[in-house]
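Engineer: sequence and predicted structure are below.
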Amino acid sequence: MSASIRILVADDHLIIRQGLRLILETQEGFEMVGEAADGAEAVRLCAELYPDVVLMDLRMPGMDGLSAIERLRTEQPGIAVVILTTFNEDELMMHGLRLGAKGYLLKDTDRETLFNTIRAASRGETLLRPELMARVLALGLATSAPVSTRTDLTGRELEVLRGVAHGERSKEIALRLGITERTVKAHLASIYNRLGVDSRAAAIAVAAQRGIL
């Protein structure tokens, strides 16, 4: 049996932390290893517990979530961060994605979306539901990406990118296209280079804005 995904929750609201603990501890494959009430505590606990994924609130007293994400990116880049947010925190969420967060979850999300997003983050992937990706586009994540003059993607790269936009994992894209997972990752690296981005979320946003998708 594969090891459980180790999760730390950082949120200054006790009821949010307790609710997530209850959900995660009753689902096989997840282990909540710690909880923090502010960004500083989250960074400290990550150094002690080294979770696979941190669910990070953005508005917390003392060190906020954005500062904590930036610290973790520098000090512990192997830990994936998923932002916990509400609809009125769009600009903060955008900033968090630019700082390296793997994705974001609304605090009223359903269980399956929570589980799938955590699993994707633990694999180093970004999983954004279509309606949430639309919000990223509307807020201009694409315009913040470095401009590249190489925007022409090959036919196979377009197929890979479309799979990513539909939330497919590298393994699923490989199976559908009849190629190896290693080849999918090579295509993704080429796509990132051509679009001047460094993540799946940014690649989808840039491609959609430029009319590539």
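Structural biologist: In hand now; what should we look at?
Engineer: what's downstream of the helix or strand of the chain with the lowest mean pLDDT, the next helix or strand?
Structural biologist: Here the helix or strand of the chain ranked lowest by mean pLDDT, DSSP states H and E is helix 130-138, holding a mean of 62. Counting by DSSP states H and E, the next helix or strand C-terminal to helix 130-138 is helix 155-165.
Engineer: in that next one, what counts as buried?
Structural biologist: Residues of helix 155-165 classed as buried by neighbour count (16 or more other Cβ atoms under 10 Å): E157, L158, E159, V160, L161, G163, V164, A165. Where C-beta positions appear, they are placed from N, C-alpha and C, glycine not excepted.
Engineer: check which element follows it along the chain.
Structural biologist: Later in the chain than helix 155-165, the nearest helix or strand by DSSP H and E is helix 170-177.
Engineer: mind giving me the packing neighbours of that next one?
Structural biologist: If you count contacts as 3 or more Cβ pairs under 8 Å, 6 or more residues apart in numbering; DSSP states H and E, helix 170-177 packs onto helix 155-165, helix 181-195.
Engineer: how far does it sit from the chain's center?
Structural biologist: From the chain centre to the centre of helix 170-177 is a distance of 20 Å (Cα atoms, centre = their mean, to the nearest Å).
Engineer: name the surrounding residues that touch it.
Structural biologist: Contacts to helix 170-177, defined as Cβ atoms under 8 Å, 6 or more residues apart in numbering, come from residues 125, 156, 159-160, 163-164, 168, 180-181, 183-185, 188.
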